[in-house]
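*Asks:* pasted the sequence and its predicted model underneath.
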Amino acid sequence: MALEAETLYKLIIMHMLNKVEFPLTNSQISQFFLENEYTNYFTVQKSLSELIEDGFVFLNVNRNTSYYHLTSEGRESLKFFENKIPNPIVDDVDMFLMNNKYELRNEVGTVSDYYRASNGDYVVHCQVKEGDSTLIEVNVATPDKETASKMCATWEDKDCSQEIYQYVIDKLTN
């Protein structure tokens with residue numbers, strides 16, 4: 001019996017999330033489906049929404065970026081149905097993750113956000129993560145929202161955050 005297309009898309013998404021040790025963004029998941037021409041963007045979004053509704057995927061939103069994590073319920077469900085994903089599709093997922101793993105990890109490993117403090121300032125929170133470990137975490141107060149937003153954008157430039165991280169390591173070890 002052939003697997004229903006919508007069910008297959010959900011299994012592929014869960015398989016992708018299960019294969020990495022970090023969350024994937026909406027654009028990363030969509031990129032896989034669109035590059036391989038499995039389905040369109042709207043169907044991917046529908047599948048993601050239903051996975052969240054069903055409790056198989058957890059969504060974390062940080063400054064307009066959606067990060068998807070596989071829940072323990074999703075992992076358990078995947079164990080029962082993962083063998084229903086055709087081998088060529090599993091190979092495509094594995095190849096996509098292998099070819100893009102460094103970029104995928106870097107995209108989700110450098111995060112920043114800001115919030116308004118009780119004194120009226122904005123606090124910019126910046127992090128570089130590797131897996132579950134935090135390599136560096138910085139909080140900086142700024143007087144206005146525009147500066148906070150600019151600082152977040154600058155931090156998310158991978159070269160900049162890596163340069164700052166290296167600077168801090170060098171200063172602390174000398």
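*Replies:* Thanks, I have the structure now.

*Asks:* can you give me the helices for this protein?
*Replies:* Per DSSP state H, the chain carries helices over the ranges 5-19, 26-35, 41-53, 72-81, 87-109, 145-155, 158-173.

*Asks:* now the ones you listed as CSV including mean pLDDT?
*Replies:* Below are the helices of the chain laid out as CSV (pLDDT from 0 to 100):
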stretch, mean pLDDT
helix 5-19, 93
helix 26-35, 91
helix 41-53, 95
helix 72-81, 92
helix 87-109, 79
helix 145-155, 86
helix 158-173, 82
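
*Asks:* residue 155 versus residue 4, what's the distance?
*Replies:* Using C-beta to C-beta, to the nearest Å, residue 4 is found at 43 Å from residue 155. (Glycine included, C-beta is placed from N, CA and C.)

*Asks:* neighbour-wise, which of the two wins?
*Replies:* Relative neighbour count places residue 155 above the other of residue 4 and residue 155, with 22 against 9, counting by other C-beta atoms under 10 Å.

*Asks:* go ahead and confirm the more buried one touches residue 113.
*Replies:* No - in this structure, residue 155 is not within contact of residue 113 by C-beta atoms under 8 Å, at 9.8 Å.

*Asks:* where do the contact lists of these two overlap?
*Replies:* Listed contacts common to residue 155 and residue 113 are residue 124; contacts here mean C-beta atoms under 8 Å, 6 or more residues apart in numbering.

*Asks:* that older thread, need the helices of the chain in JSON lines with distance to residue 122, can you?
*Replies:* Formatted as JSON lines, these follow (distance: least, C-beta to C-beta, whole Å):
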{"stretch": "helix 5-19", "distance to residue 122": "32"}
{"stretch": "helix 26-35", "distance to residue 122": "26"}
{"stretch": "helix 41-53", "distance to residue 122": "30"}
{"stretch": "helix 72-81", "distance to residue 122": "35"}
{"stretch": "helix 87-109", "distance to residue 122": "23"}
{"stretch": "helix 145-155", "distance to residue 122": "4"}
{"stretch": "helix 158-173", "distance to residue 122": "19"}
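
*Asks:* residue contacts, residue 40?
*Replies:* residue 34.

*Asks:* ditto for residue 125
*Replies:* By C-beta under 8 Å, 6+ apart, residue 125 lies in contact with 112-115, 137-139.

*Asks:* before we move on, back to that, and residue 61, which of the helices of the chain is closest to it?
*Replies:* Taking C-beta to C-beta, helix 26-35 is the member of those nearest to residue 61, at 9.6 Å.

*Asks:* and that closest one with helix 41-53, angle?
*Replies:* Interaxial angle, helix 26-35 versus helix 41-53 (axes from the mean of the first three to the mean of the last three C-alpha atoms, to 10 degrees): 130 degrees.
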